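*Asks:* Model the structure of this input:
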Amino acid sequence: MPATTSLIPTRVNPDLEKERRAATFSVEEFQCWWHGGADKLNEKREIETYLYKDLRDGHLHDYLSHEDLYHLAVKDVTEASVKLRKLQKLRNPGGDNIWPKKLYNLPALLPAHHPFATHITMFVDVIYSQGTPEQIEKFGKPAANCNIIGTYAQTEIGHGTNVRGIETRADYDRATDEFVLHTPNLQAYKWWPGGLGHTANHAMVVAQLYIDGKHHGIQMFIVQLRDLETHMPLPGVDIGEIGKKLGMAGVNQGFLGFKRVRIPRTNMLMRNAKVLPGGKFVQSPASRLNYMTMVFTRCLIVNLSYDCLLQAATISTRYSAVRRQSPINSSDPEPQIIDHVTQQQKLFPEIANGIAYRITGQHMWELYELTLKEIANGDYTRMADMHIVACALKVLSTTDGSFGVERLRLACGGHGYLTSTNFSTLYGNVIAAYTYEGENTVLLLQIGRYLVKTWTQLTQGKKMSPLAAYLAEIYDKPEIAAWNDSRSYLVKLLQFTAANKTRLAFENLTNRVNGGQTLEEASNNTGIELTQAAELHGRQFVASAFLEQITVAKKNQRSVALNSVLENILELYLVQTVLRHMNDILRFTPISDANLRSLQNRLELSLKKLRPDAVAICDGFDYHDRVLNSTLGCYDGNVYERLFEAAKKSPLNQKPVPDSFEKYLKPFLKSNL
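*Replies:* The predicted model follows:
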């Protein structure tokens, strides 16, 4: 049990104690399953015990200026790095499982996030995955050890998801064997890279390569931005930060422009595409290899999204077990608000969503690792599917995560509006994920075009990849089986609807082209149908993976009690997803009123079954109190004491009379006499 501070009662709220006693399964078994085994769970707890000693107030940043908050974020991340390095030497000398990997996401140590995140997740990874052995030695190893700090500079102020439209140029100079980096206009300024503002001294710059005026596509270049001793920007480098944002307050996102900055030819990443001495260009063996960087990043985004959602669900569920209000029967005492079915409908589906994305995200990581192995052996066939899966899960997890965190905040009433509850930080993090690394509508359109292309191949009798096999099955057998109540049938409903939405998009796109529109015009005019088909393609993938992992994969390694809880979570996820898309499902399937009533009954029954286990399920995620950083979400449930303590810490409460009284308010009051 996480420790409480000395100012808070040591007792656990009796309502929370009651909830934990009522659980139908072993929380410890859930925790072991969730974290990959007892050894990994114990290791996680030991690391937290070491790292979370003597931490500052997790809400200090809420009251700081923008400048002071940045300085605090730098202080926090450098101190966290020292702790992680020391712990790595203690637990696994020479490894990297603690330092620097855990630096990416340490909300307890870095509650305002930090300016090293892009360095850890993208700059280092891109060098190791797409650099030559010499580049890894020169840049990768120093970056991995944080001797240099980098960022990933792709997005420009005028171009984001349309990477092909990027305007930053890298022109090869034969006379000096160098590239000349140049920003031709304001729209070409790099904009948004994390840590770029005042922290990074290097950048992975995505630019258009030109040799003798001939264009050779998008390539990546390692560029030093600042003097390593003074940290001053180097000549020709225009750099700074972009200002305050809705969230991610400590990330220090920046802007970057170049005025004919020269770098050695060997600073272009050349594991795949190459520029040889003298300027000969060697094409990459697969034009989309650079996309694997974005696939990796989107895997991380799925992790961040479900983590934010489940932290918010834990906070809201614990609070809902403690808060008492609004008698169900007028003569009864006020119940726990978690007893209201409408409150359960706000809480439990978000728990199910978070678990679904966690399980599907793990499956996506497995596909990613398999794809990398195949690429290493010269097999690039899985790359397109991997790209589409990553796009779909990025879109769905961030969309559901953003709406879910806000829904859970609203479920906490007025108290949820306070920053001390940590909802604002969680929301800021997840909506950032919604926004970056590919705007969601653009990604949906990419998926939609892939689906139409796949349907075209079906009409030509071509074989489908495993991830599109359901389309071939439905293309060959265009009628769905009679209704049954199995969970697999609910997945089939989603697949059948996704396939038919794809078919309609294909037919309407084809009709527009046949009617005289260009393919590009027809694609634009079919955009709504393409995005709808794309979303359903993603939904069926999540549902199918969730069903497989809960009902088949490693089921015999879990107890009957735990399997029962997980299957009920699966049931809730599938039923609510089918109901959510019922307008499309009804268009293609003969569902009766009795079928719809049965789905509603199943929804209500799954909520009822989850009611005694909800708090214990959230305990199963094993979030430390310092991670949740919430007055409403602590393990002990002493929410009112924590709310009041947080209010007393406000800087305005440190003096009985604020300075503005004598300066402004008192003269104003006197002037009205």
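
*Asks:* all strands for the chain, in order.
*Replies:* 152-153, 169-173, 178-182, 190-191, 202-211, 214-224, 237-241, 254-258, 261-264, 274-275, 281-282 (DSSP state E).

*Asks:* For residue 637, find the nearest of those.
*Replies:* Closest approach to residue 637 among those is made by strand 237-241 (39.9 Å; CB to CB). Glycine gets a C-beta too; all of them are placed from N, C-alpha and C.

*Asks:* before we move on, back to that, which one of the strands of the chain lies nearest to residue 382?
*Replies:* Nearest of these to residue 382, taken as CB to CB: strand 214-224 at 21.9 Å.

*Asks:* how about the closest one as PDB, C-alpha atoms only?
*Replies:* C-alpha atoms of strand 214-224 as PDB (Å, rounded to 0.1, in the frame of the first residue of the first chain):
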ATOM      1  CA  LYS A 214      17.600  17.200 -58.600                       C
ATOM      2  CA  HIS A 215      15.200  16.100 -55.900                       C
ATOM      3  CA  HIS A 216      15.800  12.900 -54.000                       C
ATOM      4  CA  GLY A 217      13.000  12.900 -51.500                       C
ATOM      5  CA  ILE A 218      12.800  13.200 -47.700                       C
ATOM      6  CA  GLN A 219      16.000  12.300 -45.800                       C
ATOM      7  CA  MET A 220      17.200  12.700 -42.200                       C
ATOM      8  CA  PHE A 221      20.300  14.700 -41.100                       C
ATOM      9  CA  ILE A 222      22.000  15.100 -37.700                       C
ATOM     10  CA  VAL A 223      22.600  18.800 -37.100                       C
ATOM     11  CA  GLN A 224      24.400  20.300 -34.200                       C
END
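
*Asks:* Just want the angle from it to strand 169-173.
*Replies:* Using axes from the mean of the first three to the mean of the last three CA atoms, to 10 degrees, the direction of strand 214-224 lies 100 degrees away from that of strand 169-173.

*Asks:* Show me what strand 214-224 is packed against.
*Replies:* helix 124-130, strand 178-182, strand 202-211, strand 261-264 (3 or more CB pairs under 8 Å, 6 or more residues apart in numbering; DSSP states H and E).

*Asks:* Make CSV out of the ones you listed and add mean neighbour count, distance to residue 232 and mean pLDDT.
*Replies:* Output for the helices and strands packed on strand 214-224, formatted as CSV (neighbours: other CB atoms under 10 Å; distance: least, CB to CB, whole Å; pLDDT from 0 to 100):
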stretch, mean neighbour count, distance to residue 232, mean pLDDT
helix 124-130, 22, 24, 92
strand 178-182, 21, 18, 98
strand 202-211, 23, 14, 97
strand 261-264, 17, 14, 98
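
*Asks:* out of these, nearest to residue 40?
*Replies:* Closest among these, once you apply CB to CB, is helix 124-130, at 22.5 Å.

*Asks:* now what about that closest one, what contacts it?
*Replies:* 100, 135-136, 139-140, 143-144, 150, 152, 204, 220, 222, 269, 271-272, 289-290, 292-293, 296, 372 (CB atoms under 8 Å, 6 or more residues apart in numbering).

*Asks:* what about the residue lying closest to residue 620 once chain neighbours are set aside, how many neighbours?
*Replies:* Sequence neighbours aside, residue 30 is the residue nearest to residue 620 in space, at 3.4 Å (criterion: CB to CB, 6 or more residues apart in numbering). Close neighbours of residue 30, defined as other CB atoms under 10 Å, add up to 24.
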